[in-house]
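Novice: Sequence first, predicted model second:
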Amino acid sequence: MSVITRTSIKVVSDEQFAPLSELATKILKTKEKTEDLPQIESDIFDSGISVCYGAAEVVPAVSAGEVKVTIKKRDYLDVFWDCTAKDFNLSDALFTAVGETFTRESVERKYGKISNYGDPLFGHRFYRDAGGSLFTGGKETVRLVNHYAKEPIREYILLFNDYKRLTEHGEDVFIGKFAQRSAADAKLRELNSAYLAQDAPLPMGEIIPYDAEAITKYVVTGGEIVDVIELQLTGNPVAVFRPFQFENRFWSLADLLIEPQIFLDRVFMQIDYSFGRDVKNVYQGNLHALADSETPDSALRKAEKTGGIIWTRTGEEVFRPIKVSGVNPQYFQIAAIMQGFIEDLAGGRSFHGMAEYSNESGKAILAKQKQGMLAAGMVLDNLRRWKCSLGEKLLEATLHYEGESAVAMAAQQLDQEAFNGGRLPTAEEIALMDREIVVTDAPLSGDEKAEKLEQLISVNNIFPGAVPLEVMLDNMNLDREERDRIIFNYNNLKDQRDGNKIE
């Protein structure tokens, strides 16, 4: 029985940034556990497959006096975006928006008096109630809409060649980016002061302005913008999963099944009509067969009873049932074909190559399996793309809102010697690093590791030395420092034994 492994988010970068990417990965894995990301992923996937699309929002929340980044699953009816956006991650969308309902008291305590009525700023249907005029929620609740829009901004990059290593930046030429030119000038003067104090020639320092984009959050309710917040984020915090997407159009598995199901329903309706017509007892009456003492009404009354005598003039039948044609067999054939088509489209045999494997070669079976997995593979690939997008948003928000505390917490679980001089990188250095978010198979859980470790020990007992030490240690709940120390000691003992053998 094969074990289905879940996926996890990982940060990869160039070798020179390996310690930074390892820290970033540890930050994301911590968030995976605290936010129960596997459960959120399952809910998002179910929403995307069943209805239309699934969405999650990365938001800061205050807990015990500290700002923590959290992930909130959003109902698909509460999320919308720029309809002209063609990128899967909505990086080209001019805006995204998320609606949420709160009590009027809590909203007015924060923003002041909120109107009961107002013309919505946007025409999306979830801004309105069923009547099409008022905001949803009623008098005691208020609908808040977080509208995230891209805004052009000017930022400044500071480059400084610390050739004498007089500052804490060392070999790094890139010092940082600043929102104001004055802040960059002040930082440059601070760096130059170290060289002026030693009467050394000033190194090259340059401030480069560049155009960037930032996210502005507009809080909308009652036809009014009640708050405007400039977020220090480069992308919108909403990640939307769409199973099938082409440019600015998207659809779900349910959309693919609608038309076939409608056709199948029509076939079943025709079969039901044929059954209903068959059970109706229609008879043909023969007036000329009745005796003079019988009338059509009296004969009909006797025929409707369980017994009686109908007097006839001849031996002919007075009432003869009309023969019906029955249900057309082709209806059942069409229904069976359509039902099989729907099952294959929704999964079913498509994952097994659309066949029962009778009298087929292995290559034919594998080819059919690959063909049957095309649609499912597209959905799963889009789920991975969504998870990478969510990981990027989660990492950026965590580094911005939690900052050095998140870095320090992640560093506690890693080898401190991996960083130059024992100095931890700053959250800004990690945020500015060239990186890529990828989705990989998650590490095994504790129970799975224990089971696998027992299997490895059994193999090693049967074939001594067949299982490398590194493989054994990878399936134990050890920190990296403990793992490296064991390997180091093992190699030393091995070298000593080899030396004794030579002597």
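Specialist: Ah, there it is.

Novice: where in the stretch 1-150 of the chain is pLDDT low?
Specialist: By pLDDT under 70, the low-scoring segments of the stretch 1-150 of the chain are 1-6, 115-139.

Novice: For it, which segments count as helices?
Specialist: Assigned by DSSP state H, counting those that start in this stretch, the helices in the stretch 1-150 of the chain fall at 18-34, 37-50, 104-111.

Novice: And this protein, what are its domain boundaries?
Specialist: The chain breaks down by automatic domain parsing into domains covering 254-377, 446-502.

Novice: weakest of those in terms of mean pLDDT?
Specialist: Mean pLDDT is lowest for domain 254-377 among the domains of the chain, at a mean of 71.

Novice: so of the helices of the stretch 1-150 of the chain, which one's packed in deepest?
Specialist: Each of the helices of the stretch 1-150 of the chain was assessed for mean neighbour count using mean count of other C-beta atoms under 10 Å. The highest is helix 18-34, with a mean of 20. (Each C-beta comes from the backbone N, C-alpha and C, glycine too.)

Novice: Quick one: list the elements packing against that one.
Specialist: strand 7-12, helix 374-401, helix 404-411, helix 427-432 (3 or more C-beta pairs under 8 Å, 6 or more residues apart in numbering; DSSP states H and E).

Novice: what about these, which gets the closest to residue 20?
Specialist: helix 427-432 (5.2 Å; C-beta to C-beta).

Novice: got the contact list for that closest one?
Specialist: Contacts to helix 427-432, defined as C-beta atoms under 8 Å, 6 or more residues apart in numbering, come from residues 20, 23-24, 174, 176-177, 395-396, 399-400, 402-404, 406-407.

Novice: and if you look at stretch 95-115?
Specialist: With C-beta under 8 Å, 6+ apart, stretch 95-115 has contacts from 55, 57, 74, 78-82, 90, 122, 124, 126-127, 136-137, 139-150, 219, 221-224, 226-227, 236, 238, 240.

Novice: Return that stretch as CSV; C-alpha atoms alone will do.
Specialist: Extracted C-alpha coordinates of stretch 95-115, given in CSV (Å, rounded to 0.1, in the frame of the first residue of the first chain):
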residue,chain,number,x,y,z
PHE,A,95,-6.8,45.4,-8.0
THR,A,96,-8.1,42.5,-5.9
ALA,A,97,-10.8,42.8,-3.2
VAL,A,98,-12.1,40.7,-0.3
GLY,A,99,-15.4,41.2,1.5
GLU,A,100,-16.0,40.4,5.1
THR,A,101,-19.0,40.9,7.5
PHE,A,102,-18.6,42.5,10.9
THR,A,103,-21.0,43.7,13.6
ARG,A,104,-21.9,47.4,13.2
GLU,A,105,-20.8,48.2,16.7
SER,A,106,-17.2,47.0,16.2
VAL,A,107,-16.9,48.8,12.9
GLU,A,108,-18.3,52.1,14.1
ARG,A,109,-16.0,51.9,17.2
LYS,A,110,-13.1,51.8,14.8
TYR,A,111,-14.2,54.0,11.9
GLY,A,112,-17.0,56.1,13.3
LYS,A,113,-20.6,56.3,12.2
ILE,A,114,-21.3,54.2,9.1
SER,A,115,-24.2,54.9,6.8
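
Novice: re the thing from before, to residue 165, which of the helices and strands packed on helix 18-34 lies closest?
Specialist: Closest to residue 165 of the helices and strands packed on helix 18-34 is helix 427-432 (C-beta to C-beta; 17.1 Å).

Novice: List the buried residues in that closest one.
Specialist: 427, 429-431 (16 or more other C-beta atoms under 10 Å).

Novice: could you redo those residues as JSON lines and give each row pLDDT?
Specialist: JSON lines is the format used below for those (pLDDT from 0 to 100):
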{"residue": "427", "pLDDT": "87"}
{"residue": "429", "pLDDT": "83"}
{"residue": "430", "pLDDT": "88"}
{"residue": "431", "pLDDT": "86"}
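
Novice: can you list those in a markdown table and add distance to residue 50?
Specialist: What follows is the buried residues of helix 427-432, written out as a markdown table (distance: C-beta to C-beta, whole Å):
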| residue | distance to residue 50 |
| --- | --- |
| 427 | 38 |
| 429 | 42 |
| 430 | 37 |
| 431 | 36 |
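
Novice: With respect to residue 191, which of those is nearest?
Specialist: So of the buried residues of helix 427-432, ranked by how close each gets to residue 191 (C-beta to C-beta), first place is residue 429, at 16.1 Å.

Novice: so the top strand by length along the chain versus helix 104-111, what angle?
Specialist: Using DSSP state E to define each element, the chain has its longest strand at strand 141-160. Interaxial angle of strand 141-160 relative to helix 104-111 (axes from the mean of the first three to the mean of the last three C-alpha atoms, to 10 degrees): 30 degrees.
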